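S.K.: Mind folding the following:
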Amino acid sequence: MSFMPPLGISVLRCVRLLRIFKVTRHWTALSNLVASLLNSMKSIASLLLLLFLFLIIFALLGMQLFGGKFNFDETQTKRSTFDAFPQALLTCFQVTVDLNQS
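M.R.: Sure, this is the predicted structure:
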């Protein structure tokens, strides 16, 4: 069994980045910005939950319409298919990301 190698000091360096939030006490404009970001996290979380629900619905719809329809060679890797639910979910996510980039 292989375990994860120890992260060492790099984790401590990442934790040091949290010191920026101490500065917000003295800098009012940054404090207001951080407060508004934290307040908007609730609506962002509900929006992400709605997006995930749509991804699940379209993955199930894709499995119903396209599952098992495409036969690939055994030499090709089957990554973006609708044959299984995790693959269908990943395929819908890939389509969503590709649509946002174009």
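S.K.: Now do the buried residues in the strand or helix carrying residue 30.
M.R.: Using DSSP states H and E, residue 30 sits in helix 28-66. By neighbour count with 16 or more other C-beta atoms under 10 Å, helix 28-66 contains the buried residues 55, 58-60, 62-63. The C-beta positions use only the backbone N, C-alpha and C, and glycine is treated the same way.
S.K.: ok now it, how far from the chain's centre?
M.R.: With C-alpha atoms, centre = their mean, to the nearest Å as the basis, helix 28-66 stands 10 Å off its chain's centre.
S.K.: ok now the helix or strand following it, how far from the chain's centre?
M.R.: Counting by DSSP H and E, the next helix or strand C-terminal to helix 28-66 is helix 85-101. Offset of helix 85-101 from its chain centre (C-alpha atoms, centre = their mean): 11 Å.
S.K.: Quick one: mean pLDDT over helix 85-101.
M.R.: For helix 85-101, the mean pLDDT works out to 87.
S.K.: Could you give me the buried positions within that helix?
M.R.: Going by neighbour count (16+ other C-beta under 10 Å), the buried part of helix 85-101 is 87-92.
S.K.: possible to save those residues as a markdown table with distance to residue 46?
M.R.: Formatted as a markdown table, the buried residues of helix 85-101 follow (distance: C-beta to C-beta, whole Å):
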| residue | distance to residue 46 |
| --- | --- |
| 87 | 27 |
| 88 | 24 |
| 89 | 20 |
| 90 | 23 |
| 91 | 25 |
| 92 | 20 |
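S.K.: Quickly find the element holding the most far-flung residue of the chain relative to its centre.
M.R.: In the chain, the residue that sits farthest from the middle, by C-alpha atoms, centre = their mean, is residue 26; the gap is 33.6 Å. Residue 26 is part of no helix or strand, with elements assigned from DSSP H and E.
S.K.: For it, what are phi and psi?
M.R.: phi -90, psi -20 (degrees, to the nearest 10).
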